[in-house]
Structures are given as structure tokens and as C-alpha cells.
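Asks: Quick one: sequence and predicted model below, then my questions.
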Protein chains: 2
Amino acid sequence: MKKYGKDITLKQTPQRLAIINFLDGNKNHPTAEDVYRAISRQFPTISLATVYNNLETLKQLGILRELTIDPDKKHFDTDIKPHHHLICKVCRRIVDIDIDFNLNIPDGCKCGFEITGSHIEFYGVCPACRRKGIN
Amino acid sequence: MKKYGKDITLKQTPQRLAIINFLDGNKNHPTAEDVYRAISRQFPTISLATVYNNLETLKQLGILRELTIDPDKKHFDTDIKPHHHLICKVCRRIVDIDIDFNLNIPDGCKCGFEITGSHIEFYGVCPACRRKGIN
DNA sequence: GTACGTGCAAAGGTTTTGCATTACA
DNA sequence: TGTAATGCAAAACCTTTGCACGTAC
């Protein structure tokens, strides 16, 4: 049992440890399928359901963040510090932007909302795709 | 045939006109299902495929924008001017933010990307949900 | 030993596609 | 009349769920 915050404990199964290990420090914003493919090399019998279960659990624990950037599938980010993303419109590669833009909405434009956070998506074309001239 | 930009023309079917009419000026960021339900009242035989086809066509023409804000389904926005969104974490309501934040990333942090646009998602709790105290 | 995790299969939800029919132009 | 759009059904795809079995603790 490993403790995560007060009261929360997780059994340390080999599959779970492999998933956490794969995600730790991973800057590639992998999808569930990406995680599944990577872990399958060590654990050929692991199921996609186990990957999804674990990603959900880790999300609940606040250990990772789900990115709603790609219209087609969810990506996961182990970096839970507030930060933003830069997405290549061509190859869909996602890169971190670690800048605090200090965004503020004037009270009159908040529609009475209580603002709790923000996330910026920058769109562009990455160096590799620019070289290929696909833009 | 109605002209949209150079060369591009669309047949004006009743279903398509109804969809365009429903979307025009609609600030509710509807999903495909929302559009389908609304149009079904006038055209009980319209199919969801037709709605999807038309949304895709209109997106291609640049008449509407697909929002990747909701992890569960796509929303559509007829306002194609650059603007941002404020999302209620509780009821998932989406509200427009028409402010230009003039975001700039220092060249050193761009990873060689050519930046073409940006979109900010603000998260918060809307007045109705605050009153209900679900936060 | 017990609760939790795993793996398989099936189901769920959204979106896309194939194809025959219909209708705009 | 010719081409594009519609509507239906089926498929594709990602994700979730039910359940029996296995395993961490």
C-alpha cells in the first residue's frame, strides 16, 4: 500500500507500477492507447481496461491530468502544475508552455462566474512539419 | 446554389437551411445531438448522419468552428471570430469571452513552432450552480 | 482471508461510412 | 438530367462496465 495524501492508498501491482513509471516525467502527453502499447511490451497480457482503470484512478488522485485538446481522443499529462500547451495543427504534437500569463477577466465580463482556473491552447506548425512544407 | 467564398456552392436543401438557421446567432454551443433534436421538431425524418454531414461541411467552409472543450462530445460554435470560453465545471455550460488577451510567447519558448492562433478556456462555477451550492 | 486489481468480453456513446433513394439546380 | 444531399443501417472508434479470477497486503 502506498499512501497518496491522507487516507488514500493504492495496491502496488506490477501493472500499476509500470504505468506510473511510464508516465512519470513523460512529456509526450500519451493517450490510453499509447500507454497500453508501451506497457504491453513488459506485460503482454495487460488489458486496455486495466490501463483505463488506472488512468481514471490516478486522475482521481490528482496525480495526472486529462487533456481535452485532441477532438479524437483523450491525452494524459503527468505534469499537474498549471501550464499551457502548444499543438501542431499538422502532426498534432503537443508541447508544454510553462509561462504564467496572469490572465484576468474584468468582473463585468465574467457573467457572474467564479473563475477557478484557465488553460491556453496555442496552435501552430512545428519545426518538423514546417520543413516538410505541409502547411 | 448559394455561394460561400469563391468556387464553393451548396445546394439549399430544407434540412440544411434549417440547420444553418438554427445555428445562426446561437450562443449555446450545441452538440450534434442538440442540433438533431432541434431540427427533428420541424423535420421528424431528418437523420443524425445528415446533421453530422452538414456540420462537417459547414466546418470545412469555415462557417462554424468545432470546440474541443468537452471531453465527451464535440460542440459547435457559429461565432468564428477569435474569442475564448468560460466553462462551468458543474453544469458544463459554455459562455463566450470576447476579450483580446494579446498573448505572446517569447521566441525562446516556442520550440520553433510558427504560432497561428490561440484559445483560452476559463474554468469556474456559474451563478446558477453557485446558488445551488454544488461547489 | 478480504478487498482490491486484473483481464476478458460485452456494452455504451459518439461519430463516420456505404449505399440506395430523393431532390435541388 | 446529373450531381449532390438525404436517410437508413451498419461499422468504427474510444471508453466504460460486469464479472470471475487472481493477487497484494
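Replies: The structure has been received and is ready for your questions.
Asks: just checking, A:V35 is part of a helix?
Replies: Yes: counting by DSSP: H, G, I helix; E, B strand; the rest coil, A:V35 falls inside a helix.
Asks: Apart from its chain neighbours, what residue comes closest to it?
Replies: Among residues not flanking A:V35 along the chain, A:V51 sits closest, at 5.2 Å (Cβ to Cβ, 6 or more residues apart in numbering or on different chains). Bear in mind the C-beta positions are built from the backbone N, C-alpha and C, glycine included.
Asks: looking at this, that neighbour is in a helix?
Replies: Yes: counting by three-state DSSP, A:V51 is located in a helix.
Asks: and it, what does it touch?
Replies: A:V51 sits next to A:19, A:32, A:35-36, A:39 when contact means Cβ atoms under 8 Å, 6 or more residues apart in numbering or on different chains.
Asks: for A:K81, same thing?
Replies: A:D98.
Asks: what about the longest strand belonging to chain A, near chain B?
Replies: In chain A, assigned by DSSP state E, the strand with the most residues is strand A:114-125. Yes: using Cβ under 8 Å from any Cβ of the partner chain, strand A:114-125 reaches chain B at A:114-125.
Asks: just these now: which is nearest DNA strand C?
Replies: A:E121 (17.6 Å; Cβ to the nearest atom of the strand).
Asks: you'd agree that closest one is up against A:I69?
Replies: Yes: judged on Cβ atoms under 8 Å, A:E121 makes contact with A:I69 at a distance of 6.0 Å.
Asks: per-residue confidence for the residue lying farthest from the centre of chain A?
Replies: Using Cα atoms, centre = their mean, the residue of chain A lying farthest from its centre is A:G108. It sits 32.6 Å away. In this model, A:G108 is scored at 91, pLDDT.
Asks: Over to A:G133?
Replies: Listed pLDDT for A:G133 reads 72.
Asks: In contact with it, which residues?
Replies: A:G133 neighbours (Cβ under 8 Å, 6+ apart): none.
Asks: and A:Y36, how many neighbours?
Replies: If you count neighbours by other Cβ atoms under 10 Å in any protein chain shown, A:Y36 ends up with 20.
Asks: Roughly how far does the closest residue to it other than its chain neighbours sit from DNA strand D?
Replies: Leaving aside its sequence neighbours, A:Y36 sits nearest to A:V51 (Cβ to Cβ, 6+ apart; 4.7 Å). According to Cβ to the nearest atom of the strand, to the nearest Å, A:V51 stands 8 Å off from DNA strand D.
Asks: and what of A:L17?
Replies: Between A:L17 and DNA strand D the distance is 9 Å, computed by Cβ to the nearest atom of the strand.
Asks: now A:R41
Replies: From A:R41 across to DNA strand D, the span is 19 Å (Cβ to the nearest atom of the strand).
Asks: Paired strands for the longest strand of chain A, with orientation please.
Replies: With DSSP bridges as the test, strand A:114-125 is paired with strand A:84-88 (parallel), strand B:114-125 (antiparallel).
Asks: Give me the buried positions along that strand.
Replies: Within strand A:114-125, the residues scored as buried using 16 or more other Cβ atoms under 10 Å in any protein chain shown are A:118-125.
Asks: From what I see, A:Y123 and B:E114 are in contact.
Replies: No: at 9.9 Å, A:Y123 does not count as touching B:E114 under the criterion of Cβ under 8 Å.
Asks: re earlier: list every C-alpha atom in the longest strand of chain A, with coordinates, as CSV.
Replies: In CSV, the C-alpha atoms belonging to strand A:114-125 read as follows (Å, rounded to 0.1, in the frame of the first residue of the first chain):
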residue,chain,number,x,y,z
GLU,A,114,-16.4,32.3,-10.1
ILE,A,115,-13.2,31.7,-12.0
THR,A,116,-11.1,28.8,-10.7
GLY,A,117,-8.6,28.2,-13.5
SER,A,118,-7.6,28.6,-17.1
HIS,A,119,-5.8,26.8,-19.9
ILE,A,120,-4.4,28.2,-23.1
GLU,A,121,-4.1,26.2,-26.3
PHE,A,122,-1.7,27.7,-28.8
TYR,A,123,-2.0,26.4,-32.3
GLY,A,124,0.8,26.4,-34.8
VAL,A,125,3.1,24.3,-37.0
